[in-house]
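A.B. asks: I would like the atomic coordinates for the input below:
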Amino acid sequence: MSSRIIAGVTAFVTTVICAGMAGMSAFQRTPDFASAAMLAGLALVMVVGSHLLPALARGSWLVRGLFVVCVGVTLYNHAYFFDQSKRDLGHQRQMEVPPSTDVARYEAELARITARDLPEVSADLAQANAAVVRAVAVLERCKAKDNARCTTAQAQHDLAQAKVQPLEDERAQAQRAEDLRQSLAQAVAEHSALVKAATTKTVDSQIADMVGLRAETVAMVTSVVQSLALEVMGMVLWSLALPKAKAAKVPERKQQTVRVKLITPYRPARKPRPSRLIAWAKDALVAGPGQPRDSPAAA
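C.D. replies: The predicted model follows:
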């Protein structure tokens, strides 16, 4: 299997994944099916454009500008998808947290208490105690008199004393209710902390603790980085999978090799000059009869 086929299959899978994420983000943003379908179509076009434009039209500045726009829109769609997925996961983890038994017990006990608020009961109890004190004073003054029966004073004392005991019981219930409310508030706070921990104790929160940022910021940055990596991977894989446009070939001219052979013209042997013959003849006559071997004629 060639590398171009492997790149094409991987590029197709990457484009399908990115298109699915962008389409799901469109359906997450609006409950209206028609609007969601239009947004999903827009998201799919942006994904296909960001993946295929660089491979189809290489070297064009217009295509590069469209590629940047497509990548920006796709990153927004992917970031929304990642954010909504984390929210859904957080809600699911919240549902998995069991309800607090202390909260249920405190609420049930509070429902059985019918006493009024503690400040109101305390004020009535203070008035009742003051009435008892006045009744006791009146009864004592009456008893100090000779031959006084003090029936009215005794009745007022008994009536004032009778009002104190129910108020004291109600005050005890009101105090219990106040303690239960404080315990209930503490139990609710502890349960809320458990629910929040179920949604925040994630990788994002741990990274946020290390770098000193908010967990939401870390989640957004990681979402954008993942989306950008997918877009760049899709662009590169499609560029490897699709063949490049072939340039027009210029016909090659055949070069002919010409061999040049140098021909030396024929030059006949030069005859001896007459002056040399005359000199030779003189030498021959002086030397005697016979022709010398180095005669120019012999040569």
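
A.B. asks: Which strand or helix spans Ser227?
C.D. replies: helix 215-241 (DSSP states H and E).

A.B. asks: which secondary structure elements does the top helix by length along the chain contact?
C.D. replies: As assigned by DSSP state H, the longest helix anywhere in the chain is helix 151-200. Contacts defined by 3 or more Cβ pairs under 8 Å, 6 or more residues apart in numbering; DSSP states H and E place helix 151-200 against helix 61-96, helix 101-112, helix 118-144. For glycine as for every other residue, the C-beta is placed from the backbone atoms N, C-alpha and C.

A.B. asks: any idea how far the helix or strand that that helix is followed by is from the chain center?
C.D. replies: With elements assigned by DSSP H and E, the helix or strand that comes after helix 151-200 is helix 203-211. How far helix 203-211 lies from its chain's middle: 14 Å, per Cα atoms, centre = their mean, to the nearest Å.

A.B. asks: hang on, the earlier thing: Throw the helices and strands packed on helix 151-200 into a markdown table and include distance to Ser2, thanks.
C.D. replies: As requested, the helices and strands packed on helix 151-200 are arranged in a markdown table below (distance: least, Cβ to Cβ, whole Å):
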| stretch | distance to Ser2 |
| --- | --- |
| helix 61-96 | 26 |
| helix 101-112 | 65 |
| helix 118-144 | 85 |
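
A.B. asks: looking at the ones you listed, which is closest to Asp209?
C.D. replies: Taking Cβ to Cβ, helix 61-96 is the member of the helices and strands packed on helix 151-200 nearest to Asp209, at 17.2 Å.

A.B. asks: What residues of that closest one count as buried?
C.D. replies: By neighbour count with 16 or more other Cβ atoms under 10 Å, helix 61-96 contains the buried residues 63, 66-67, 70-71, 73-83, 86, 90, 93.

A.B. asks: Output stretch 43-61 as PDB, nothing but the C-alphas.
C.D. replies: What follows is stretch 43-61, C-alpha atoms only, in PDB (Å, rounded to 0.1, in the frame of the first residue of the first chain):
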ATOM      1  CA  ALA A  43     -19.900  24.000   9.700                       C
ATOM      2  CA  LEU A  44     -19.400  21.200   7.300                       C
ATOM      3  CA  VAL A  45     -18.500  23.600   4.500                       C
ATOM      4  CA  MET A  46     -16.000  25.300   6.700                       C
ATOM      5  CA  VAL A  47     -14.400  22.000   7.700                       C
ATOM      6  CA  VAL A  48     -14.100  20.800   4.100                       C
ATOM      7  CA  GLY A  49     -12.700  24.200   3.000                       C
ATOM      8  CA  SER A  50     -10.100  24.200   5.700                       C
ATOM      9  CA  HIS A  51      -9.000  20.700   4.800                       C
ATOM     10  CA  LEU A  52      -9.100  20.700   1.000                       C
ATOM     11  CA  LEU A  53      -8.500  24.300  -0.200                       C
ATOM     12  CA  PRO A  54      -4.700  24.200   0.500                       C
ATOM     13  CA  ALA A  55      -4.400  20.900  -1.400                       C
ATOM     14  CA  LEU A  56      -6.600  21.900  -4.400                       C
ATOM     15  CA  ALA A  57      -5.100  25.400  -5.000                       C
ATOM     16  CA  ARG A  58      -1.500  25.500  -3.900                       C
ATOM     17  CA  GLY A  59       0.300  28.800  -3.800                       C
ATOM     18  CA  SER A  60      -2.700  31.100  -4.100                       C
ATOM     19  CA  TRP A  61      -3.000  34.000  -1.600                       C
END
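
A.B. asks: For that stretch, what is the distance to the chain centroid?
C.D. replies: A distance of 22 Å separates the centroid of the chain from that of stretch 43-61, by Cα atoms, centre = their mean.
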